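# Mind folding the following:
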Amino acid sequence: MSHRIKSTHRENENIIMPDAKKPSWPSYQGTSHLIGTSPSGRVTVYVDPSLGKQAQQNAQDLLADADRVVNANDGLFGTTGGPVSVILFALGGATDGTGGADHNGCDYTTGNAIEVDVSYGNPGRVSALFEAELSECSMNGNLCGESTGEALSRWCAAVIANNALADFATAPQWVSDGMPDFVNKTENTDQSADSTGCGMAFLSWMISQGHGLEKIAPAMVNLGDSGTLADLYATLTGDSASNAWPKFQDAVKNLPGGIKNDDPFGGLSKPPQMTHLAPRTAELVGRIFATVVADIAAGRSPDEMMANLRAAMLPAGRRHTPAVCQPKSKRLLPPKKP
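Model (predicted):
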């Protein structure tokens, strides 16, 4: 479903924030020109004033769309995100969105200063780039710099911003490189077109089988850095993880037109069923569901299942100390762009 993005004039669009108050951006060193804060107070948008009216229009359009994006993102993860700041500038020297997006970490503490490339005349691409980084903040310290997390963030951007980053597709590169198996293993990088492309195609297949992104996202976060796409399959289907790769391979072989984009199985035609539960309740339900399905698939005893269920009902804790991702990580770029 397409979402129209409307421009909104803000009274404070000509205010320039003093350097002492600007966020600490991952790489941007110029002047941070404040456009405004969204009505919810959750998104504050800045722009590089040297780029002129087209960049400022991008920033105003993002401000107008920001609360829709954060609310949709909350619905996918079943949580409520924190406040973020966004700077729009010519990231990598590009002004068409191909400069990508960037932030430092996969939570709302280390990653809440987001850099987004401007895309003159195409506000949908700006919203998509914003969502790609925002979704990683909602991963709450998990999946940071992992191929699974990169595929998930790109799928979130595709769903929430009407596939505005179709030219960032990596699945065709995975096919041309012989379709290596990144279902049974997770690559410790978010910069590989092969592992990301495998993840994109696999999630397209899972969504086409009725496992919406609103189920996939919290399950992947719960599995953490060591989780594989095969583990995700087992969690959501109750089938053995060992069946994930061969069944996926069969599905790929039976595709009439092969893999030409990141959604070969038409997952985008199945809109997510956003939860109407309170975010904390949805998170709890997701943890319990994932625990029960995993225990049944593993054949655990009733006593083990009960112990795991009790543990799942406790408040979610961090799996590891939040840390800034490794250099060259967390930069969303089209394939083959340095």
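
# alpha carbons only for contacts and neighbour counts from here, please
Will do.

# what stretches of the stretch 151-300 of the chain score poorly on pLDDT?
Applying pLDDT under 70 to the stretch 151-300 of the chain flags the ranges 273-295, 297.

# What would stretch 257-272 look like as CSV? C-alpha coordinates only.
Coordinates of each C-alpha in stretch 257-272 appear next as CSV, following Å, rounded to 0.1, in the frame of the first residue of the first chain:
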residue,chain,number,x,y,z
GLY,A,257,11.0,-16.1,-13.3
GLY,A,258,13.9,-16.8,-11.0
ILE,A,259,15.3,-14.2,-8.6
LYS,A,260,15.4,-10.7,-10.1
ASN,A,261,14.9,-8.6,-7.0
ASP,A,262,14.8,-8.8,-3.2
ASP,A,263,11.2,-10.0,-3.1
PRO,A,264,11.0,-12.9,-5.5
PHE,A,265,8.2,-14.6,-3.6
GLY,A,266,5.9,-11.5,-3.4
GLY,A,267,6.1,-10.9,0.3
LEU,A,268,5.3,-7.2,-0.2
SER,A,269,1.9,-8.1,-1.5
LYS,A,270,1.0,-9.4,2.0
PRO,A,271,0.9,-6.4,4.3
PRO,A,272,1.9,-7.0,7.9
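
# Tell me the buried residues in that stretch?
Judged by neighbour count (16 or more other CA atoms under 10 Å), stretch 257-272 contains these buried residues: 259, 261-265, 267-268, 270, 272.

# Need the residues that contact that stretch.
Outside of stretch 257-272, the residues within contact range by CA atoms under 8 Å, 6 or more residues apart in numbering are 1, 76, 158-159, 166, 169-172, 175, 197, 200-201, 204-208, 212-214, 252, 255.

# Pretty sure Pro26 sits against Asn104.
Yes. If you go by CA atoms under 8 Å, Pro26 and Asn104 touch, sitting 6.2 Å apart.

# Check the average confidence over the host helix or strand of Ala64, would you?
Using DSSP states H and E, Ala64 sits in helix 53-77. The average pLDDT for helix 53-77 rounds to 97.

# cool, stretch 127-143 as well?
96.

# residue ranges for the helices of this structure, please.
Secondary structure of the chain (DSSP state H): helices located at 53-77, 123-137, 147-160, 171-176, 193-208, 213-223, 229-237, 244-253, 279-298, 302-312.

# For these, please prepare a markdown table with the additional fields mean neighbour count and distance to Thr109.
Listed next are the helices of the chain as a markdown table, based on neighbours: other CA atoms under 10 Å; distance: least, CA to CA, whole Å:
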| stretch | mean neighbour count | distance to Thr109 |
| --- | --- | --- |
| helix 53-77 | 22 | 16 |
| helix 123-137 | 28 | 8 |
| helix 147-160 | 27 | 18 |
| helix 171-176 | 20 | 31 |
| helix 193-208 | 26 | 25 |
| helix 213-223 | 23 | 17 |
| helix 229-237 | 22 | 27 |
| helix 244-253 | 14 | 35 |
| helix 279-298 | 18 | 19 |
| helix 302-312 | 14 | 24 |
